[in-house]
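Enquirer: prediction below, plus the sequence it came from.
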Amino acid sequence: MNFLKLVSFLFFSTLLFSCGTTKKVSSTIDARISAKELIDLHKKSEARFKTIASRVQVNYDDGETSQSVTVSLRMQKDETIWVSASILGITMAKLLITPEKVSYYETIDKSYFDGDFSLLSRWLGVELDFEMAQNILLGNAVFELNDDNYLVSVTDVNYRLTPKKQQELFQHIFLLNPVNFRMASQQVAQPNEQRVLTVDYVSYQEAGNHVYPKEIRLNATEKNKQTRIILDYRNMDVNPEVTFPFNIPRGYQEITLD
């Protein structure tokens, strides 16, 4: 399994939600809520912290390769996202994301990547930046929400926010949990490229008087290829003292994203 691919999907995948099934509307939903009220509640529910640290169990399946790995995740809000994968205390790969760049290295094939977001965005086929990565990890809306641009409705047991005018090449929908107003799903599709990118927030957990994702299920489809990832956040620690050790070893081969 390519670690860059796993981590890229882990941080940057979103979904086009299927509305084919019908369920009873939850009694906690206020069908009269306005887009402004819903967006304000979502923003107020955002976790306030300086740093977080967690162990994350990652289960990966792309139809050809199936693997489970535990990674260490550390974040300094608005500044750094750090991921380290190790087996029996031996580092297998590390990823470092800052607002300026993305860097990673993999010890098995002695390769590394060190570039800006435009390179990684091109590789993924989705424009992204540091703020988008951070928002997805925290259950925040991946894009800035402006009540002038969205309509609110009720779908299944969630609130649904849709743009008043969808872009032809890049479409998205947000589903919000009516209990905690965090994301239930984030939804993005690129119809012309036949891409459907999926993130479902299955459950949340409380830590440091705020709510953080507990289990996230991702499904990324491009034409006939599908990749599934399940993330289980464990031992969430809020505002610990953290460091972000990262040095690309000498002699590693640089990977270029064509």
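Expert: Sure, I can see it.
Enquirer: how many residues are close by D114?
Expert: 15 (other C-beta atoms under 10 Å). The C-beta positions use only the backbone N, C-alpha and C, and glycine is treated the same way.
Enquirer: ok, now D148?
Expert: D148 has 7 nearby residues by other C-beta under 10 Å.
Enquirer: so it, which state does it fall into?
Expert: When classified by DSSP: H, G, I helix; E, B strand; the rest coil, D148 comes out as helix.
Enquirer: ok, now how distant is it from K165?
Expert: 11 Å (C-beta to C-beta, to the nearest Å).
Enquirer: and what of I81?
Expert: In terms of C-beta to C-beta, I81 sits 32 Å off from K165.
Enquirer: for V179, same thing?
Expert: 30 Å.
Enquirer: who's more crowded, these two?
Expert: Counted by other C-beta under 10 Å, V179 and K165 do not tie: V179 has more neighbours, with 14 against 7.
Enquirer: now do the SS call for the residue nearest to L41 when sequence neighbours are not counted.
Expert: Among residues not flanking L41 along the chain, F181 sits closest, at 4.4 Å (C-beta to C-beta, 6 or more residues apart in numbering). Following three-state DSSP, F181 is assigned to coil.
Enquirer: OK, contacts around F181?
Expert: For F181, the contact set (C-beta atoms under 8 Å, 6 or more residues apart in numbering) comprises L38, L41, H42, K44, S45.
Enquirer: go again using 10 Å as the cut-off
Expert: L38, I39, D40, L41, H42, K43, K44, S45, E46, G139, Y159, V211 (C-beta atoms under 10 Å, 6 or more residues apart in numbering).
Enquirer: any quick PyMOL command for the buried ones out of these?
Expert: Buried subset of the contacts of F181, written as a PyMOL selection, criterion 16 or more other C-beta atoms under 10 Å:
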select buried, resi 38+39+42+45+46+139+159+211
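Enquirer: among the contacts of F181, which one lies nearest to R250?
Expert: Distance to R250, by C-beta to C-beta, is smallest for G139 among these, at 38.9 Å.
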